[in-house]
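Engineer: When you get a sec, could you give me coordinates for this:
(2 chains)
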Protein chains: 2
Amino acid sequence: MKRLSLLALAVGLPAFAADPVPYPKGYRAWTHVKSMVIDSGHPLYEAFGGIHHIYGNAKALEGYRSGRFADGAVIVFDLLEAQRADNAVMEGPRKVVGVMHRNAKAYAATGGWGFEAFRGDSTTERTVGDKAKTACFDCHAAQKDRSYVFSSYRN
Amino acid sequence: MKRLSLLALAVGLPAFAADPVPYPKGYRAWTHVKSMVIDSGHPLYEAFGGIHHIYGNAKALEGYRSGRFADGAVIVFDLLEAQRADNAVMEGPRKVVGVMHRNAKAYAATGGWGFEAFRGDSTTERTVGDKAKTACFDCHAAQKDRSYVFSSYRN
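Structural biologist: Next up, the predicted model:
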């Protein structure tokens, strides 16, 4: 961080720029926490319409259990198109991979969580970037008593 | 198996009785393969209506990749009620945990797979038992070229 701050000063970036949230490599093999389908007409349809699955790494699972998420806990919101046909909903192409990455110090400005989203199957195309506060945290802030996490582990 | 067969002879059970399929302990931490919602009006609604998630253990994942499932591969079909409200589908109580357990010898009569289903959250209340052929395999038989497995791993 010290080197990053010096670099920021040197090149004129804001010194408070948070570390970029890493792509959650391998998350499909993490534990599946819960799922939900959001249909047309739901208030969050524009942003989150489709079928989503939540995954957590081992530290995130411990956080769901204890209510306290340690640095390194990562929660993934994996949003796929919901394709309706013949009285069924099938999973379609991936729309976005949303990430909450716990690091109390690095992301202190957004409750200790770094927020990012990667478009479709891309591991590099970021859609949140420096807008984490307005695009993510302002809504998650309502969950302060739950460590800013909306989901619960469903047995 | 030899002792079981002798026991079967001794107590008059059919000697071909297959080993009971074990409850897939810990499957919620296995890899999530894919999901689907089956609604009212779907031909399989009576049996499988709701939201289901497929999970596989490490050997099952290798089987999805290679097309050949080694003994010990286990696939779980985890069926929950699909609760519709406010233009969303939420997960409800568990209806049944279906299991395919690979053991080419023990379950030779049903394609090398043992089939079982456990009611709700019970780890002991079996709903298939000795009806695996008619309740499960007769339909899975159509997937012979795919090792009798319907699902594919969805990235």
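Engineer: Give me the residue at the spatial middle of chain A.
Structural biologist: A:Val99 (2.3 Å; C-alpha atoms, centre = their mean).
Engineer: Which helix or strand contains it?
Structural biologist: Here A:Val99 sits within strand A:88-102, counting by DSSP states H and E.
Engineer: Which secondary structure element comes immediately after that strand toward the C-terminus?
Structural biologist: strand A:113-119.
Engineer: ok, back up a step: roughly how far does the closest residue to the residue nearest to the centre of chain A other than its chain neighbours sit from chain B?
Structural biologist: Spatially, and ignoring its direct neighbours in sequence, A:Val99 is nearest to A:Glu116 (4.8 Å; C-beta to C-beta, 6 or more residues apart in numbering or on different chains). C-betas here are computed from N, CA, C, even on glycine. As judged by C-beta to the nearest C-beta, to the nearest Å, A:Glu116 and chain B stand 20 Å apart.
Engineer: Just to check, A:Glu116 is in contact with A:Ala132?
Structural biologist: Yes: between A:Glu116 and A:Ala132 there is a contact under C-beta atoms under 8 Å: 7.3 Å.
Engineer: Where does the prediction get shaky in chain A?
Structural biologist: By pLDDT under 70, the low-scoring segments of chain A are A:1-17.
Engineer: Neighbours of A:Asp39, how many?
Structural biologist: 17 (other C-beta atoms under 10 Å in any protein chain shown).
Engineer: what does A:Asp121 give?
Structural biologist: A:Asp121 has 12 nearby residues by other C-beta under 10 Å.
Engineer: residues touching it, list them.
Structural biologist: A:94, B:155 (C-beta atoms under 8 Å, 6 or more residues apart in numbering or on different chains).
Engineer: How are the strands of chain A distributed by residue range?
Structural biologist: Secondary structure of chain A by DSSP state E: the strands cover A:31-38, A:50-56, A:74-85, A:88-102, A:113-119.
Engineer: what would these look like in TSV with distance to B:His53?
Structural biologist: Below are the strands of chain A laid out as TSV (distance: least, C-beta to C-beta, whole Å):
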stretch	distance to B:His53
strand A:31-38	7
strand A:50-56	8
strand A:74-85	13
strand A:88-102	11
strand A:113-119	23
